[in-house]
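S.K.: after the sequence you'll find the predicted model.
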Amino acid sequence: MVQSITLDTAKQLIDAAERKAEEIDNPMVITVANSEGNLIAQHRMDDAWLASVSISRNKAYTSAALDMPTHELAEPSEPGNSLYGLQTTDEGRIVIFGGGYPLFDESGDVVGAFGVSGGAVEQDMEVAQAGVSRWEELRGE
C-alpha cells in the first residue's frame, strides 16, 4: 500500500514553507508528494518562476523515489563518481540539487516528500526545511 500524508497535512506544510519564503522575500513553488512521488498538493506563489512548477515536483519525486534529500545527490553524481549521469535517468525526473526532502513516519518509513523551487539552492533548502520542521512538529518530535 502507498504511504501518504493527508491533503490537510500537506496544506499545513505548504503554509509553513510559504511563510518562510515570504520572510526571505522570494516567491517559490512548493510541492508535497506521497511515498511514490505522486502529487498530493502544489502551491505556486505569485511571481514564482514557471519552471519551478516542474522542478519542485521533481524534487519531491526524487526524494520519495530515493528516500533522501536531493542535495545529497550532488557530489555522487559529479563526473567520475558512481552516480554520474543520474539526473538523465528516470525520464529526466531526478533532481540532484537541494530543495527536496523525504518525510518519514515514526518507523523511519517514507510517507511523503517535499520539494521547493524558485530561488538559489540555499533558499530552496531553507524554505523546504521550514515545511519539514512543521512535519516534525505535527508528528510530535
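M.R.: Noted; the coordinates are in hand.
S.K.: where do the helices of this structure begin and end?
M.R.: Shown for the chain, the helices assigned by DSSP state H span residues 7-23, 51-66, 121-138.
S.K.: relative to residue 43, which of those helices is closest?
M.R.: Residue 43 lies closest to helix 7-23 among these, at 4.8 Å (Cβ to Cβ). (Each C-beta comes from the backbone N, C-alpha and C, glycine too.)
S.K.: coming back round to it: I'd like the helices of the chain as TSV, with distance to residue 108, mean pLDDT and mean neighbour count appended.
M.R.: As requested, these are exported to TSV (distance: least, Cβ to Cβ, whole Å; pLDDT from 0 to 100; neighbours: other Cβ atoms under 10 Å):
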stretch	distance to residue 108	mean pLDDT	mean neighbour count
helix 7-23	18	98	18
helix 51-66	14	98	24
helix 121-138	13	97	20
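S.K.: now for those, which one comes closest to residue 74?
M.R.: Judged by Cβ to Cβ, the one of the helices of the chain that comes nearest to residue 74 is helix 121-138, at 8.9 Å.
S.K.: quick one: distance of stretch 29-38 to the chain centre.
M.R.: In this view, stretch 29-38 has its centroid 7 Å away from the chain centroid, taken as Cα atoms, centre = their mean, to the nearest Å.
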